[in-house]
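Novice: the following block contains a protein sequence and its predicted model.
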Amino acid sequence: MKVNVVKSVLKANDLIAENNRDLFRQYRTVALNLISSPGSGKTTLLERTISALKPAQQSVVIVGDLETSRDADRLQPHAYEVTQINTGLSCHLYANQIAQSARDLPLDQADYLFIENVGNMVCPGEFDLGENLKVALLSICEGDDKVAKYPTIFRVADIILLTKMDLIDVIDFDMDRVQSDIRKLNQEAPLMKISVKSCTGFDEWIQWLQDKRESSVGVKAKFVET
């Protein structure tokens, strides 16, 4: 009976996720779901990324956290608009929460929708939100054993970012081990080494976003009033 309940929840979530995907397609907005543990650098990456994409391309953001609006407050000066979802006890976002939030977002002005999921390495990878792409982040500060111990998000990721690479010389981190563990789970997703502080890999990340937008909806940026 418990298995049936879980399957029912996932099926209902997936139906709403498909409706979300149709909505994003209608507005030609590329939606990305950022998944990682707390402290991996999602918010810092988005601050820099959104600013780098402007003024040609605009971004809206949905932030998921159990409590507070601290990450949303940080992103507000950079994004076209930001919406906060406080989940309370839930360790991930659901598709219906994205659907409700998207109704109030100016998707007609948004080239990208960045969804900063709740910090968790397990549950967010199992729930489709209607995004076009899943972005998994792993900070080198978390240790080189996390891919093997928490495989869920790395298995489904469309790209994997190794963040805080500016600390690689002071952290005991086995890069070969991590790369091997990732390829056992996911042969397709590119693996990028990123540091917002030192700008390592940042141009490559922006180019990946631009390429994905081009392949999805074309290169022409939407008109944004100034």
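Specialist: Perfect, thanks for sending it. Numbering: from 1, shown residues only.

Novice: what comes up buried for stretch 176-189?
Specialist: If you call a residue buried by 16 or more other Cβ atoms under 10 Å, then stretch 176-189 has these buried ones: 178, 181, 182, 185, 186, 189. Any C-beta I mention is one placed from the backbone N, CA and C, and that applies to glycine too.

Novice: let me fix that: stretch 78-96
Specialist: Those would be 78-85, 87, 92-96, for stretch 78-96 by 16+ other Cβ under 10 Å.

Novice: how about stretch 134-152?
Specialist: Neighbour-count burial for stretch 134-152, with 16+ other Cβ under 10 Å as criterion, is recorded at 134-140, 142, 144, 146-147, 150-152.

Novice: which pair in these spans the largest distance?
Specialist: The most widely separated members of these, counting by Cβ to Cβ, are 134 and 144 (21.6 Å).

Novice: pick the one among the buried residues of stretch 176-189 closest to residue 32.
Specialist: Closest to residue 32, out of all of the buried residues of stretch 176-189 and judged by Cβ to Cβ, is residue 189, at 13.2 Å.

Novice: which SSE is that closest one in?
Specialist: For residue 189, there is no host helix or strand (DSSP states H and E).

Novice: pretty sure it sits against residue 157.
Specialist: Yes. Between residue 189 and residue 157 there is a contact at 4.9 Å, judged by Cβ atoms under 8 Å.

Novice: list residues touching both of these two?
Specialist: Jointly contacting residue 189 and residue 157 under the rule Cβ atoms under 8 Å, 6 or more residues apart in numbering are residue 136.

Novice: and the helices in this structure?
Specialist: Using DSSP state H, the helices of the chain run over 2-27, 42-53, 70-75, 95-102, 146-149, 152-156, 175-185, 202-217.

Novice: and residue 55, how close does it get to residue 111?
Specialist: As judged by Cβ to Cβ, to the nearest Å, residue 55 and residue 111 stand 11 Å apart.

Novice: then residue 27?
Specialist: 10 Å.

Novice: looking at those two, which is more packed in?
Specialist: residue 111 (25 against 19; other Cβ atoms under 10 Å).

Novice: dump the residue contacts of the residue lying closest to residue 44 once chain neighbours are set aside.
Specialist: Distances taken as Cβ to Cβ, 6 or more residues apart in numbering put residue 196 closest to residue 44, at 5.2 Å, once the chain neighbours are dropped. The contact partners of residue 196, by Cβ under 8 Å, 6+ apart, come to 41, 44, 45, 47, 48, 163, 202.
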